[in-house]
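S.K.: 3D model of this:
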Amino acid sequence: MSKTLKYGLHGLPTRHGVGPSCVSLPAGQWPTITDFLVERFPAITRKTWLERMQQGLMADEFGLAVTPERPYQGHMRVYYYRALDDEPRIPFEETVLYQDEHLVVADKPHFLPVTPSGHYLQETLLVRLKNRLGLDGLTPIHRIDRETAGLVLFSVRIADRNAYQGLFRQHTIHKHYEAIAPWRAGTVFPLTRKSRIVEDKPFFRQLEVPGEPNSESRIDVLEVAGNVARYALSPVTGKKHQLRVHMNALGLPILNDRMYPPVEHTPDDDYRLPLQLLAKSIAFTDPVTGQQRQFETRFSLNF
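M.R.: Below you'll find the predicted structure:
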């Protein structure tokens, strides 16, 4: 019979900086929860699920242990820890630029994801910071692409999270990026690019389509060196891959971009060729303390 685990209402606690994943159990006739999980996740073996259960790494939303023979019950959530047998080490380090009781500001290197997904759990900025700072409740206020380097803000307290995220929803935060891209004489700067961006195929790529604009970026040129230039980019909105899509649409794809312009097969990472896009600076009025905040990355892009 299932025993109650001492993990609280929502299943399992953070483990090594990684929170549990969740799966909802639909109505159905599976004999056991194990049978459902094996069918729902064909890439995960029954043996793996049984090992997680035996190690006490699975619980329902009420804190009850999920055991190998526990009968199936629909309309319930089950929490479990994801595991990666061979997670690649990202050989670049983040820096904490600022920390107080409300806010953490980190400088993220190229190639490091902000949050766990796909092939990355421990090798993510969020999990590294949780383990390093001992802050299990740390939450990213916004995201930047894995390939992009630069500033990322985190909320320390759950009570503050919505106030900080509101800065981005209300466009009251000033973000500035730099990029290295081809130089094309005849384009007049500064310019504003507005377009409609939607999900492309494969799902991780984005695409401009006709229609009401849902994205806006302001672009200027800072310096020219031969056939390339350093650009200042200021996103007004925050669509996925927005700056990369807009620069490519202008015929100025950012150097070392593996997805824009689109290619049939996305190349593997090459640490010698980081995407030349940098989250350079960020400024805002702190909604919790009322202070004026301004931060700048220590990374730089070189011609």
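S.K.: CA atoms of stretch 123-135 as CSV?
M.R.: Extracted as CSV, the C-alpha positions of stretch 123-135 are listed here (Å, rounded to 0.1, in the frame of the first residue of the first chain):
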residue,chain,number,x,y,z
GLU,A,123,23.9,22.1,-17.4
THR,A,124,21.5,25.0,-17.4
LEU,A,125,21.9,28.5,-15.9
LEU,A,126,19.0,28.1,-13.5
VAL,A,127,20.2,24.8,-12.0
ARG,A,128,23.8,25.9,-11.8
LEU,A,129,22.7,29.0,-9.9
LYS,A,130,20.3,27.1,-7.6
ASN,A,131,23.1,24.8,-6.6
ARG,A,132,25.7,27.5,-6.3
LEU,A,133,23.6,30.0,-4.3
GLY,A,134,21.4,27.6,-2.4
LEU,A,135,18.2,29.2,-3.6
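S.K.: For it, the averaged confidence score.
M.R.: The average pLDDT within stretch 123-135 is 95.
S.K.: So this protein: which segments form each domain?
M.R.: 21-80, 95-296 (automatic domain parsing).
S.K.: can you redo those as a markdown table with mean neighbour count?
M.R.: Bear in mind the C-beta positions are built from the backbone N, C-alpha and C, glycine included. Formatted as a markdown table, those follow (neighbours: other Cβ atoms under 10 Å):
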| stretch | mean neighbour count |
| --- | --- |
| domain 21-80 | 15 |
| domain 95-296 | 17 |
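S.K.: so V96 makes contact with K108?
M.R.: No - using Cβ atoms under 8 Å as the test, V96 is too far from K108 to be in contact (10.8 Å).
S.K.: Dump the domains of the chain to JSON lines, plus distance to D86.
M.R.: Formatted as JSON lines, the domains of the chain follow (distance: least, Cβ to Cβ, whole Å):
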{"stretch": "domain 21-80", "distance to D86": "14"}
{"stretch": "domain 95-296", "distance to D86": "9"}
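S.K.: Indicate which one of the ones you listed is closest to F303.
M.R.: domain 95-296 (4.9 Å; Cβ to Cβ).
S.K.: can you give me the strands for the stretch 201-303 of the chain?
M.R.: In the stretch 201-303 of the chain, the strands defined using DSSP state E, counting those that start in this stretch lie at 206-209, 215-225, 228-235, 277-285, 292-296.
S.K.: now those strands in JSON lines, with distance to Y72 and mean pLDDT?
M.R.: Shown next, in JSON lines, are the strands of the stretch 201-303 of the chain (distance: least, Cβ to Cβ, whole Å; pLDDT from 0 to 100):
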{"stretch": "strand 206-209", "distance to Y72": "39", "mean pLDDT": "95"}
{"stretch": "strand 215-225", "distance to Y72": "44", "mean pLDDT": "97"}
{"stretch": "strand 228-235", "distance to Y72": "46", "mean pLDDT": "98"}
{"stretch": "strand 277-285", "distance to Y72": "46", "mean pLDDT": "98"}
{"stretch": "strand 292-296", "distance to Y72": "50", "mean pLDDT": "98"}
